[in-house]
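Enquirer: Generate a structure from the sequence data that follows.
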Amino acid sequence: METNVSHATLKIARVNPASIAKAGLMAGAAVLAAGSAQAEVLTFELNEDLALGESFALPGIPGINFLHASSSVASASKLIVNVLAPSEFATNDSQFGFGPGSIIGPGTPFLTDVGITFPSGNPDRGSFYGFSFESEPAVKRYGWVEVSVRPVPGQIVIWGFGYETTPGLGVTTPVPEPDSLALLAAGSLVVAGAAARRRRRSTSGVNS
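Expert: Residues are numbered from 1 along each chain as shown. Coordinates of the predicted model:
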């Protein structure tokens, strides 16, 4: 039987764990009432900054806690992810995590204690990490969390997270809309053009 996947996004201006958990449970209950053939992906937009030494528990997801453990402006920032069973976490054996369009599910290798080092040059967006959790015994759900550094080194941000409400069904990390990709490409061209103009001015000054 073909499964239809729909998406529901909740924008949170400032993190309120109770409201996020309540909204997620209400949406999940509505999905279950609609029937198992309709898969639902719930996503939550956070934009939560973590200063050095601060910790943050993923709202509504039991047993996953982030700690901004160390920071170096010159090289890297480190994020420690403490995971308590029966939750799990996945990094894809990469400092940059999973890319857009990756599947997090039963075949994903998970860990329980994870240290993520963000080197200089880490992309501002598009670094996803997987997790699984059990809202009730033996009922496992899969999700993703987007975590990266700000353009200013040492500033870690949790952009948001999402999970599949259907137990045992994998979830796909978000892929930017074509309009977003076009804006990113245009921004890159503007930056490259400005850098080229600076180089030309610098060369002209030397030659004169």
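Enquirer: How many neighbouring residues does the closest residue to residue 70 other than its chain neighbours have?
Expert: Take residue 70 and drop its neighbours on the chain: the residue closest to it by CB to CB, 6 or more residues apart in numbering is residue 78, 4.4 Å away. The way it works is simple: take the backbone N, C-alpha and C, and place the C-beta from them, glycine included. Residue 78 sits with 16 neighbouring residues when counted by other CB atoms under 10 Å.
Enquirer: do residue 139 as well
Expert: Residues near residue 139, counting by other CB under 10 Å: 11.
Enquirer: what do you get for residue 125?
Expert: The burial count for residue 125: 14, using other CB under 10 Å.
Enquirer: cool, and residue 45?
Expert: 15.
Enquirer: Do I have it right that it meets residue 161?
Expert: No: the criterion here is CB atoms under 8 Å, and residue 45 misses it with residue 161 at 9.1 Å.
Enquirer: was I right about the residue nearest to residue 70 contacting residue 66?
Expert: No: between residue 78 and residue 66 there is no contact under CB under 8 Å: 11.1 Å.
Enquirer: can you give me the strands for this structure?
Expert: Secondary structure of the chain (DSSP state E): strands at 4-11, 38-50, 55-57, 64-71, 76-83, 88-90, 103-104, 113-119, 128-136, 139-149, 156-164, 171-172.
Enquirer: Could you pull out the buried residues of the fifth one?
Expert: I take that to be strand 76-83. Within strand 76-83, the residues that count as buried by 16 or more other CB atoms under 10 Å are 76-79, 81, 83.
Enquirer: can I get the residues you listed in a markdown table with pLDDT and distance to residue 56?
Expert: Shown next, in a markdown table, are the buried residues of strand 76-83 (pLDDT from 0 to 100; distance: CB to CB, whole Å):
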| residue | pLDDT | distance to residue 56 |
| --- | --- | --- |
| 76 | 71 | 19 |
| 77 | 79 | 14 |
| 78 | 83 | 15 |
| 79 | 86 | 10 |
| 81 | 89 | 10 |
| 83 | 90 | 14 |
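Enquirer: Understood, closing this out.
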